[in-house]
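Participant: below: sequence and its predicted model.
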Amino acid sequence: MAPEVAVQEAPSQPTTRRIVNDFSIQVATVNGSGSQTANLVLLRSIFRMGIPVSGKNLFPSNIAGLPTWYTIRANRDGYIARKQDIDFLVAMNAQTAQEDVVSLKPGAAVVYDEPLNLATLRDDLTFYPVPFDKLVAGVCRDAKLRRLVRNMIYDGVLASLLRIDRAEMERALEKQLGRKPKAVALNREALDVGFAYAEQHFEKRDPYFVESMDATSGQVLIDGNAAAAIGAMMAGVTVVTWYPITPSSSLCETLIDYLRQHRIDKDSGKATFAVVQAEDEIAAIGMAIGAGWAGARSMTSTSGPGVSLMSEFAGLGYYAEVPAVIFDVQRVGPSTGLPTRTAQGDVLSTAFLSHGDTRQLMLFPSSVEECYSMAIEAFDLAERFQTPVFVMSDLDLGMNTWMSQPFRYPEKPLDRGKVLDAETLDRIGKFGRYRDVDGDGIPYRSVPGDPMPAYFCRGSGHNEWAQYSERPDDYRKNIDRLRSKLETARNWLPAPVVTINRKASIGVIAYGTTHWAVVESRDQLVNEEDVQTSYYRVCAYPFRDALTSFVERHDRVYVIEQNRDAQMLSLMKLDLAPELAGRLRSVLHYAGHPIDARTITDSILIQEGYRVEKTRPQPSHVPQSAGVGGE
Amino acid sequence: MAPEVAVQEAPSQPTTRRIVNDFSIQVATVNGSGSQTANLVLLRSIFRMGIPVSGKNLFPSNIAGLPTWYTIRANRDGYIARKQDIDFLVAMNAQTAQEDVVSLKPGAAVVYDEPLNLATLRDDLTFYPVPFDKLVAGVCRDAKLRRLVRNMIYDGVLASLLRIDRAEMERALEKQLGRKPKAVALNREALDVGFAYAEQHFEKRDPYFVESMDATSGQVLIDGNAAAAIGAMMAGVTVVTWYPITPSSSLCETLIDYLRQHRIDKDSGKATFAVVQAEDEIAAIGMAIGAGWAGARSMTSTSGPGVSLMSEFAGLGYYAEVPAVIFDVQRVGPSTGLPTRTAQGDVLSTAFLSHGDTRQLMLFPSSVEECYSMAIEAFDLAERFQTPVFVMSDLDLGMNTWMSQPFRYPEKPLDRGKVLDAETLDRIGKFGRYRDVDGDGIPYRSVPGDPMPAYFCRGSGHNEWAQYSERPDDYRKNIDRLRSKLETARNWLPAPVVTINRKASIGVIAYGTTHWAVVESRDQLVNEEDVQTSYYRVCAYPFRDALTSFVERHDRVYVIEQNRDAQMLSLMKLDLAPELAGRLRSVLHYAGHPIDARTITDSILIQEGYRVEKTRPQPSHVPQSAGVGGE
Amino acid sequence: MATVQTPAAGKGKINRIGLASQEYRGTKTTLCAGCGHNAISERIIHACFEMGIEPDRVVKLSGIGCSSKSPAYFLGSSHGFNAVHGRMPSVGTGAMLANRRLIAVGVSGDGDTGAIGIGQFVHLMRRNLPIIYIIEDNGCYGLTKGQFSPTADLGSTLKTGVVNDLPPIDTCALAIELGASFVARSFSGDKKQLSAVLKAALSHRGTAMLDVLSPCVTFNDHEGSTKSYAYAKSHDDPLGELDFVPYFEEIDVDYEPGTTHEVELHDGSTLYLTKLAEDYDPRNKLQAMSVLQETRSRGTFATGLIYVEPTKPDFLEMLNLVDEPLASLPQDRVRPPEAVLEAIMNDLR
Amino acid sequence: MATVQTPAAGKGKINRIGLASQEYRGTKTTLCAGCGHNAISERIIHACFEMGIEPDRVVKLSGIGCSSKSPAYFLGSSHGFNAVHGRMPSVGTGAMLANRRLIAVGVSGDGDTGAIGIGQFVHLMRRNLPIIYIIEDNGCYGLTKGQFSPTADLGSTLKTGVVNDLPPIDTCALAIELGASFVARSFSGDKKQLSAVLKAALSHRGTAMLDVLSPCVTFNDHEGSTKSYAYAKSHDDPLGELDFVPYFEEIDVDYEPGTTHEVELHDGSTLYLTKLAEDYDPRNKLQAMSVLQETRSRGTFATGLIYVEPTKPDFLEMLNLVDEPLASLPQDRVRPPEAVLEAIMNDLR
Ligand SMILES: Cc1ncc(C[n+]2csc(CCOP(=O)(O)OP(=O)(O)O)c2C)c(N)n1
Ligand SMILES: Cc1ncc(C[n+]2csc(CCOP(=O)(O)OP(=O)(O)O)c2C)c(N)n1
Ligand code: SF4
Ligand code: SF4
Ligand SMILES: [Mg+2]
Ligand SMILES: [Mg+2]
């Protein structure tokens, strides 16, 4: 039995250090235990106090019963990448509690479920034992509900310990459970109970505090998949085809919700969109290609295994010149790999997706905002260049919660590309579907059902007039034009975001979610060793010419990415003059969780010849499990 | 009506030049017209006279009625690559005759079907009109047979004009139609009629002659697909799964024939092999993977579109470490492309086949002999490295007829790789399917049905013990081992064939069928401009370290290949130090027909700063056709 | 392209929308002379001409194979998409989603459908997508030179003598089982029946699956083949005479009561089926399945309209799409106004 | 691994080959508590134990999904291959080609089989490959969080209220139509029937396709679902009682003549089916198809052995393979002697 007054085994002295708005909280639970609400309430309440935050869910590839960790990072300087060290652990899961505690750095705090008896494990941590079962029993009778409500208690405890604004917490709770007043009431009670318990039993001994500030006002919290969904809707997508796969499913599922709300014709009650859950990814992209050919703005969304399956159709799209947008929310491969872990591992295989001199266009969003804006842009580009466009997101971006400025309403009208109309036909004379009339490699196209001349679309050899041809000259002319079309694309695709630091002789290149750790790492490099860097963030492939001048400016350029094979660096090697390619170095992180700044900083420092203390090996956060899993 | 004595409109003077054993014959017919027998008889009879030859079929992607060209090159120096110029045309096809004649170089000879009336087109050629219909009418009544037999008449005519040994021709005919004595008799008559007609009506005015020599004795004529089939049989293949696709179908079809002949158990009359025509390429590779996992020597064979479809399974094979052999008989892409034309266009996409840091092994046969030997080696390597092995053949190699030294019986026993046995288990202690016991990255495996410990094979994350794992350290350790396994493979894979020329500052790199044009081109370079070259023929990917030293030795290195995107060069760029990568130059040929020496020589000379006469644009050999086609 | 002129009756050289039959032709065929597929193309041309189909509403779809080439040989002024092997259903689905006003005519082969494409076939049937799905069925892979396809009958032989030892997939039975609302089987050599079936298919809304025996004269027309002309002719087992009366023509047929089934189709056209010995009603699914099984076990094949469910909702109806083609909706109907974005953003704070 | 000891009767804790039931278990399940799939694993363990199956002859095969994970949770000392989504059939085919002595137990989901995998399913059934092919059918995609699968019934709802508007694929009807020689449907909640069916499947040679209703307690066990426990319980429509007597046991059942059908299975075991109101004979294909259609239209589902053809030749027989596993043939049986190569070379000169 727990003593009436909770024992607080901790470093004997309450610290006088105050660490304000700069810590990571990790909640260790079991998946399927309904902790998501509690975690989001926690995240949002800190966010609403004006403190920059991010929330990342590390979950297993199964449905219920296995360990899950939710990490909230709050940082007054706006660093929201993953951080290696956990400052505040909430240990709810018996399976992992020991390992979780052992991997903490000294000085960290632990709220734990009292029966787990963790306090004996270390004497350099602050422990706050909470008798969750006892407390929840007072709140709720129903066993099923109790399991859910139980989690809200740790929110209450944390509110007390970290000094989180309780009003914000309640507002966050209402937001989260808005339409269920009973649930709100029950959870509020749990909050109160947790708060009261902590107030009553704990003396604050850890240094972590939350204080209101003003760094998030007006901003939103959203995950990248939802952001991409909003983008697709705003891009006027009309045909959505998909097949469920983690971590991309929620993109289309959210999109369906939004479309149902905002894209039903007022007068008729009918839909201005079609969504089809296809039988597999081959059918999904086949439908998207068919729809793109017939003039729709079409898209599909998938992850690595789906992209592999789409390979044949992707080549057809390239060669027959059919627009389609494909979201690849990357996860860890090869094969089924780690379906619930993040990676940037599909870059090379997507660039060359399909046999026989095929090349694909790729966009690389780094933020939820770019998930939104690049989704819009992707549809324009697909139609402009009449080719598949791959938006390369990842699990970290797609499924985790990020803050962002609110998205801006698009200024540009839809770009439907070179669709033949009467006027153009007049101007160009005879219609040749694959004629390079304008010298940019992009031909005009007509669309079934429009009043323009028809053509026969095919994946086999064809001439300018879209006639079947096996003639070497026709073949060569056409495939050379395709290459020149992609050359044209280089400077249409989203420009890189480049920060030139005049003091820097070192450059850093990154893309996608790696960005956030790079931002922090660049500051670490300056602060710790006065290593100045410039930064080039890739937004699209093929690359702009600016890449060359960036590399030219710097003696060494670190390409930082989340895969084993230095995939982006490889693509750059193929494009850059060898002298410049020789300046490229790699920082690679591939273990399933998002990259962090420390890893980058240390790796660059070591490569630059600095001495770096061996940091404690990263906690692996995933206990052995012999179950078969994977999606 | 044709005059009784055929008019021979030709350069007025019979030339006194004699060009012996150095010319190309091209027979232009319609496909489905049964000219294949006549062409092979022609080829073989020259071959049996001891003269080096090659036979290449340029055929459309349809079954009957479209233009087809068969080209025989005879060359006393052993150059058997395609040659741009045709010296001797046999014009049987009204559709293309004009274009065929127009594209000849001055001085060429033309045997043609008299009603085509071609002689008026040019006055710088030698024409030999033959009234085929009239002649065949005398040989054969049956209209259907007549169409077939008609072609044998031009063999007779050529025998007369070129002085081909008629006895050899008859022997070749018997060989070709061996088991059908009636057909032999009929065709022999046609031969005679053609011969007699030419003897009687034509005065030899062209300079081309055949004379017996001794450069082919003991050799065989075979296509690469048949050679690979023999190799697979000799490798002890036990499970063959396939799905028809040009140009790979004949590999498995020939293999089936051979297996039925030579791999039926004498005693039981039962098969020591299983062949399944699968429902598609995904099933074909899935069966091969399943069989490889269960211990069979398994293979499948396909072409580009099939390889694209196999992408997901190829990644599973890599990651779950399952042996399988995949023959990719490459054709022109992207997409359906030109199914009956040759290319080396799947190199890059196969190297990176499948999402998420997957890498594949590839072998590159250049000759029918290597189709045989590498087929054998591929099975050993697949089992040794427990991974899919791609044998990258192409249409030119696979479907055309090549001469070769007879294949040597394998000296090495089958290498079944690291299959766990009791002794090994004793030595290594506990069995861990994915443990790197020997430090070479290659683990031991057990096989269903054997008495060793079982394991659970999966495409999802796993640790050394083949248990499901999402742990970052397990993931990383495993995927790093996979990389080191492929490092081990580098020096097991077939070595490059390197010719160092001490006088050369230029290197040439090629692979596959490009080899034959390179051999000839290197001589042209020396003979024409005294340009000395060394030569590195790639036989496998990943590359051996020898590549580096080869490039180091030379100032400029030309990588010659048959694709648009310089695919092999790209792979080399990724591997070589940038300084060395900077030495690489490209010679690219991608138009569907096999590369020729002139193209290479001219391209190298131009890049080396020599002035090269603009050669006449290559005949395109494929008239416009509006039909939809393609496989 | 085609300007739509009203009536003028489909009798002379001009049809009801003022087009000549010539305008329904495509480019010259490159298939073998005598190939069944060519005969089917002729029937498609004929049916579209007679029905007065507007060519610019038609999309022709196909996979890969000799059969899949044939869309180039009819309706030359219609759009066409010769996609990849076995995947015509998905491409066709996408096209119809993009533009529900289109008339989709898909042509596939027995290999294209029965082997690599069977998965997409299953799901297309299940969705009852409005499309005419024609299998030009020759029991072999023509374009890759004659290997058995999954519709080859047990015991059928290749030219080389190799015997097929797997049972055939009956695409009609499968289509009915899976939910297709119009399922017919015919023979490229039976002009009259095939014309009636095609016209009826054009009048149907939903998936019209037509398995048409179409002998491959080059690889599968020998003795021992069960897909040869001779075999097809002698084993054709019609379920009755078909008489098709289009909605735009006066009905002047006159059947004795009880001798025919009368099926009214989606566009108002009527199909009359004379009853044979057995009283076959193609609206009865169970009867349809058992007649297929029974004829199969007798070694014959039932032809004609095998199953029809004229009022079954099609896939596009179930999606509740706006009437206009999605493809051509203007920006203001597909991009929600700024207020929507603002509301969404607000909700995320 | 397992040393084969003869008899000793499957009663106590040791079975006829001397193994304890424990030795048929796998690792601890990671599926949700209450998931139907776990109940099926239990039945598999039980059936293999009782039948005295040698674990080292079994290969467990699966695709991807919650269901496809389950092979890790039974027969832990057998080899297993958790392949890619929907492609278990091809991997299983390859394995059986490699080693015909294996006993293949495949586990798939309704999504894994009915959606992405339907093509390979069709062709596996057609080949009648010797394999036990279990679909753990919950009408949804469990592992990706509850989307409808192609076996979801028309009108069934998701937890979110979304209604399914496509007709279900009936995998049993499909399997029968396509040539599978043993087709059954059961329910994870019916221990007795499922055990009998599994044991009979283990006694069959050829494709034994088992569609087993297996409620997903997390995503598809609510009201409105037609795959919930409650719904399954109340709509289960058994075709009769099944009594399985293995070949190694004395037959001591005693039925009144005419009240049962007796089916002798490949290994000599016998299955007794008590006749219900309707006299159902599972050897009658037409009856099988119509009972499926009829129960479906009544809204119930027929369970039990639906169709069996005990003597149909299986795929491996048709391939005329040597008796030994191909995988372990020694070099001298798979590499022809030098003389063969020489003869081939001679022929090419
Ligand atoms: C992915 C892929 N695999 C294989 C092929 C080769 N291929 C072309 S047509 C064909 C079969 C055609 O058979 P069918 O559909 O029956 O058409 P038919 O030629 O008999 O009319 C095959 C296997 C291909 N084009 N693509
Ligand atoms: C190629 C591919 N596409 C999609 C997925 C994602 N995925 C994993 S399991 C699954 C569906 C599983 O449903 P089912 O087979 O019914 O199994 P259940 O979980 O319901 O038992 C999907 C779509 C995948 N792993 N691979
Ligand atoms: S090969 Fe057969 S299917 Fe193809 S065109 Fe010729 S006859 Fe027709
Ligand atoms: S999600 Fe459903 S199918 Fe998956 S384990 Fe849980 S109950 Fe079973
Ligand atoms: Mg066919
Ligand atoms: Mg399921």
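Facilitator: That came through, no problem. Numbers count the residues shown, from 1 in each chain, chains lettered A, B, ... in the order given. Ligands and ions are numbered 1, 2, ... in the order given.

Participant: confirm that C:D243 lies within a helix, as I assumed.
Facilitator: No: the assignment for C:D243 by DSSP: H, G, I helix; E, B strand; the rest coil gives strand, which leaves it out of any helix.

Participant: okay, strands next: where are they in chain C?
Facilitator: Listed in chain order, the strands of chain C (DSSP state E) span C:58-62, C:79-82, C:103-109, C:131-137, C:140-141, C:147-148, C:182-187, C:207-213, C:236-238, C:242-245, C:260-264, C:270-274, C:301-308.

Participant: could you pull out the helices in the stretch 1-150 of chain A for me?
Facilitator: A:36-48, A:94-102, A:132-139, A:143-162 (DSSP state H, counting those that start in this stretch).

Participant: got it, and chain C?
Facilitator: Along chain C, the segments classed as helices by DSSP state H run C:36-51, C:66-69, C:88-98, C:110-111, C:118-127, C:171-178, C:191-203, C:229-235, C:285-298, C:315-318, C:331-334, C:338-347.

Participant: dump the residue contacts of C:L202.
Facilitator: Neighbouring residues of C:L202 by Cβ atoms under 8 Å, 6 or more residues apart in numbering or on different chains: C:A47, C:C48, C:M51, C:I53, C:I103, C:I132. Placement of C-beta: from N, CA and C, glycine included.

Participant: and for the residue in chain C that chain D sits nearest to, the neighbour number?
Facilitator: Among the residues of chain C, C:G119 lies nearest to chain D; the distance is 3.3 Å by Cβ to the nearest Cβ. C:G119 has 29 neighbouring residues, counting by other Cβ atoms under 10 Å in any protein chain shown.

Participant: could you do A:A591 as well?
Facilitator: Residues near A:A591, counting by other Cβ under 10 Å: 26.

Participant: which stretch of helix or strand covers it?
Facilitator: Counting by DSSP states H and E, no helix or strand carries A:A591.

Participant: phi first, then psi, for it.
Facilitator: phi -150, psi 0 (degrees, to the nearest 10).

Participant: which bits of chain C sit near ligand 1?
Facilitator: Residues of chain C that fall close to ligand 1, judged by Cβ under 6 Å from any ligand atom: C:64-67, C:85, C:109-112, C:136, C:138, C:140-144, C:149, C:216.

Participant: circling back: turn the strands of chain C into TSV, columns for mean neighbour count, distance to A:C457 and mean pLDDT.
Facilitator: TSV is the format used below for the strands of chain C (neighbours: other Cβ atoms under 10 Å in any protein chain shown; distance: least, Cβ to Cβ, whole Å; pLDDT from 0 to 100):
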stretch	mean neighbour count	distance to A:C457	mean pLDDT
strand C:58-62	29	10	98
strand C:79-82	28	5	98
strand C:103-109	29	14	98
strand C:131-137	30	17	98
strand C:140-141	29	23	97
strand C:147-148	23	28	96
strand C:182-187	29	27	98
strand C:207-213	29	22	98
strand C:236-238	18	36	94
strand C:242-245	22	32	94
strand C:260-264	17	35	92
strand C:270-274	21	33	92
strand C:301-308	25	32	96
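
Participant: okay if I get those strands as CSV plus distance to A:T533?
Facilitator: Formatted as CSV, the strands of chain C follow (distance: least, Cβ to Cβ, whole Å):
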stretch, distance to A:T533
strand C:58-62, 54
strand C:79-82, 50
strand C:103-109, 56
strand C:131-137, 57
strand C:140-141, 59
strand C:147-148, 61
strand C:182-187, 67
strand C:207-213, 60
strand C:236-238, 79
strand C:242-245, 76
strand C:260-264, 76
strand C:270-274, 76
strand C:301-308, 70
